[in-house]
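>>> quick one, structure for this:
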Amino acid sequence: MVDSKYILALLLVTVALGIAYFFLSPSNIFTGSILDTNPQLNLTINPSNIPMNENSTVLFIVTQSGNPISGAIVRVDGAGIHLSGKTNIAGQLKLNLMPTMSSKIYVVAEKEGYRDRVFIMLPKIGSGSI
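Coordinates of the predicted model:
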């Protein structure tokens with residue numbers, strides 16, 4: 001018969017390994033969800049829902065605690081769009097976007113010393129949206 005102390009020790013080791021994996025796994029380190037103590041960027045997009053197959057000027061505003069973040073890189077990728085640019089001193093960037101496919105548009109704002117902000121835009125089709 002197996003000793004209950006052996007089973008308890010094995011259970012404690014298993015729980016400890018699970019906790020260590022959770023806190024040290026790459027998904028938690030690189031998304032900044034647990035170990036990253038850098039401040040989170042905020043991203044405002046206006047308009048956030050743009051028509052498909054039409055050119056739209058979109059304003060991206062990157063802030064942190066209400067303060068504009070200049071020099072942040074904003075990357076836009078998806079629905080046939082592959083653009084990026086840097087925010088000005090007011091934390092703003094204007095880009096002309098024209099989605100050519102009905103798929104998600106991923107927007108990432110990033111700057112060294114801050115946690116990235118990810119936003120997903122959906123292009124409008126006709127009078128409705130996806």
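
>>> from here on, contacts and neighbour counts on C-alpha atoms
Will do.

>>> domain-wise, how is this structure divided?
1-37, 42-129 (automatic domain parsing).

>>> any chance of these in JSON lines with mean pLDDT and mean neighbour count as columns?
Shown next, in JSON lines, are the domains of the chain (pLDDT from 0 to 100; neighbours: other Cα atoms under 10 Å):
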{"stretch": "domain 1-37", "mean pLDDT": "62", "mean neighbour count": "12"}
{"stretch": "domain 42-129", "mean pLDDT": "92", "mean neighbour count": "17"}
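
>>> just the element for the residue nearest the centre of the chain, please.
For the chain, the residue nearest the mean C-alpha position is residue 118 (2.0 Å; Cα atoms, centre = their mean). Here residue 118, judged by DSSP states H and E, is contained in strand 117-121.

>>> what do you get for residue 75?
Going by DSSP H and E, residue 75 is part of strand 73-78.

>>> other SSEs contacting the strand holding residue 118?
With contacts defined as 3 or more Cα pairs under 8 Å, 6 or more residues apart in numbering; DSSP states H and E, strand 117-121 has these neighbours: strand 42-46, strand 105-110.

>>> can you name the next helix or strand after that strand?
Criterion used, DSSP H and E; the element after strand 117-121 is strand 124-125.

>>> these two touch, right, residue 51 and residue 121?
No - under the criterion of Cα atoms under 8 Å, residue 51 is not in contact with residue 121, lying 10.9 Å apart.

>>> quick one: contacts of stretch 55-65?
The set of residues external to stretch 55-65 that reach it, using Cα atoms under 8 Å, 6 or more residues apart in numbering, is 39-48, 50, 68-70, 72, 74, 87, 91-99, 109.

>>> kindly report the same for stretch 72-81.
60, 62, 82-87, 91, 93, 97-111, 123.

>>> redo that, cut-off 7 Å
Outside stretch 72-81, the residues within contact range by Cα atoms under 7 Å, 6 or more residues apart in numbering are 82-87, 97, 99-111.
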